[in-house]
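> got a structure for you, letters missing:
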């Protein structure tokens, strides 16, 4: 049970009034849900800090809040009430514990983020206290600080800041340089290496994220700094985090004497190389940073074991391949020996946290449409030197939904969990009990699974007002006759006697991504189900969570294997769900999904309308304008101008621009003006191809958005235009003008000629005996649904 009085007060203050208006979930509901962060537990495990944000539609304002969660309910005391207390609506970034009773976080002062602290001792003793604790400004730095982490035992905090190599990485030097830049009369930017821009920003030459460490003193709840922040990376051309990374890029050692961090290797090849190394450095900067990893791919998420013996991190092996399997590497800090403890586990780990006894790592990993929690033993029952065997398997702790943001305090595992029907809320799991009953990863039945305990219900009142659809899992045979999984959402208010329903066929991006049993603020299937559509999504070849071979099957096969999966998936649901109207199917996708929509427009007539968002129109031009060159070079096997190898022919073979003569389906094109991953010219080109051929089409631009639509008001407009477009063409007669049978025959001949030029270096017999378990699983699922 949870005391949500504070939540109710805030809900009313934001203008979200309790209502009896129960309705199918819509975009207005979606933007008003609280976005709850991952929990930051105290050392005792009895409390946790977390943040939330909520949008007010009428005021067009998003309120950010910092909360304190007290865990009163325990296995020994099930009747106790947990409590949640509002701490601040201003200090809401990067909350941390400075001591068992002092908390801190970041908030701006004159436009520059600073560290603020508050004594919450009295609140911890009595959470019914009405008074909100007072925060006091601790730092007065000249530039913004980011990615705050603190080590309470040794009274140290670390943070990152954007500084310049030429100034020795000093904070003051960065301030002066930025002021000088602002005072310049010209606006020229001069580059002599890539990146020029990244994600949604232009890169400032010479500027890097550096890591700083500072000490503090606490006296009776009052905090003051002890000395100045020290740049522990100065003069080495390193940076952490790499752009768009976060606090998980570094970690304090248990004794507070060392920090491990992930950094790009200092080379001019950054734009076409994914390599990141793990470095360690003393917190007093008494020696230079030292690389401890040996991989050629990206190494990330370093975490020290509580006993200080081990350092673990995630590591990819293949350079350039950003979707390579994340292996768990554990290094013995005394001997320097490292091991891949997930060598025989065919899943890619996304986050790590140590158990209190340093014997296991808690890992999150996508697995067959879920993001599950696993326990991985670090030291086998024999010795550290024992060779790992196939019996050294992870054990599943939480089977369903999507669990992220893991951390451990004592015997309690803290994490956030969402599902296809519920936004993220904070949950806990008693590790002692869960580890005692956990089973090997290949045991789908899970035995006596211990269900996690839900600790917050920030969105409970809002959810009571909305009707949602429960996703149903289905399996079918895709490319290579391999089993492929999808989800189906029935329309809200579904009735088997209401006739046939139209389909919203959503295609995910990545392409190495997946539709999981989790919540999303963008492309949420519930919005389309609430609008009366059957929602069908397919995790085609290239999707994550089904093993390395399945994910890598899309490499050099962008337009064939996924296309086969998508078409077979549609055929499957049409044949197995009689309430689907096969003449009213609408295809929608973003990023790779947008690419695939452009591809579908020239390869099938089965869609009544299409929506392509920030998708590739021309694979060749996209190569030369994107920011991260490693991605197309990995996906297509090289550069479009290579003199040998398959890449040039593959860019041509799977290029939507080559087939625009076959386009004939009404299409809504959407693009973000700040999308530097796939620049706006891709959307403009697609719209030009449609308009010039007289195909019904619209173009919607968000000049202030990047690859994603993030601003709530823009999200509302996005959903309105998309749903109006689909609804409009769902009611109109099918439009198929301008493409003759002769056109199709000639274009198909062109396809055959281009395909003949491709040098295939992929074994066509790519379904091996290792996939037999998946095949058997698919057969049983298909038999059950027949």
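Sure, I can see it. Keep in mind it's a predicted model, so treat the numbers as computed, not measured. Residues are numbered from 1 along each chain as shown.
> Could you tell me the end-to-end distance of stretch 339-351?
Its first and final residues considered, stretch 339-351 spans 17 Å by C-alpha to C-alpha, to the nearest Å.
> and what of stretch 342-361?
Counting by C-alpha to C-alpha: the opening and closing residues of stretch 342-361 are 11 Å apart.
> Report the distance from it to the chain centre.
19 Å (C-alpha atoms, centre = their mean, to the nearest Å).
> Just the buried positions in that stretch, please.
Applying a neighbour-count criterion of 16 or more other C-beta atoms under 10 Å, one finds 342, 345-356, 358, 360-361 buried in stretch 342-361. From N, CA and C alone the C-beta is placed, and that goes for glycine too.
> neighbours of residue 179, just the number please.
10 (other C-beta atoms under 10 Å).
> so it sits in a helix?
Yes. Assessed by DSSP: H, G, I helix; E, B strand; the rest coil, residue 179 belongs to a helix.
> show me the residues around it that make contact.
With contact set as C-beta atoms under 8 Å, 6 or more residues apart in numbering, residue 179 has no partners.
> do that again at 10 Å, thanks
Applying C-beta atoms under 10 Å, 6 or more residues apart in numbering to residue 179 gives the contacts residue 142.
> What does the pLDDT read for it?
As predicted, residue 179 sits at a pLDDT of 96.
> Determine the number of other residues adjacent to the closest residue to residue 304 other than its chain neighbours.
Residue nearest to residue 304 in three dimensions, not counting chain neighbours: residue 253, with 4.9 Å by C-beta to C-beta, 6 or more residues apart in numbering. Counted with other C-beta under 10 Å, residues neighbouring residue 253 total 20.
> how close does residue 253 get to residue 306?
Distance from residue 253 to residue 306, counting by C-beta to C-beta, to the nearest Å: 10 Å.
> got it, and residue 671?
Separation of residue 671 from residue 306 (C-beta to C-beta) stands at 48 Å.
> what does residue 156 give?
Distance, residue 156 to residue 306, by C-beta to C-beta: 17 Å.
> between these two, who's got more neighbours?
residue 156 (21 against 14).
> The more buried one against residue 283, yeah?
Yes. Because the distance of 6.1 Å satisfies C-beta atoms under 10 Å, residue 156 is recorded as touching residue 283.
> Identify the contacts common to the two.
In contact with both residue 156 and residue 283: 213, 214, 215, 252, 256, 257, 259, using C-beta under 10 Å, 6+ apart.
> Break down the stretch 551-700 of the chain into its helices, ranges please.
561-576, 592-600, 619-625, 630-635, 647-653, 680-692 (DSSP state H, counting those that start in this stretch).
> can you put those in JSON lines and add mean pLDDT and distance to residue 196?
Listed next are the helices of the stretch 551-700 of the chain as JSON lines, based on pLDDT from 0 to 100; distance: least, C-beta to C-beta, whole Å:
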{"stretch": "helix 561-576", "mean pLDDT": "98", "distance to residue 196": "31"}
{"stretch": "helix 592-600", "mean pLDDT": "98", "distance to residue 196": "23"}
{"stretch": "helix 619-625", "mean pLDDT": "98", "distance to residue 196": "10"}
{"stretch": "helix 630-635", "mean pLDDT": "98", "distance to residue 196": "15"}
{"stretch": "helix 647-653", "mean pLDDT": "98", "distance to residue 196": "22"}
{"stretch": "helix 680-692", "mean pLDDT": "98", "distance to residue 196": "15"}
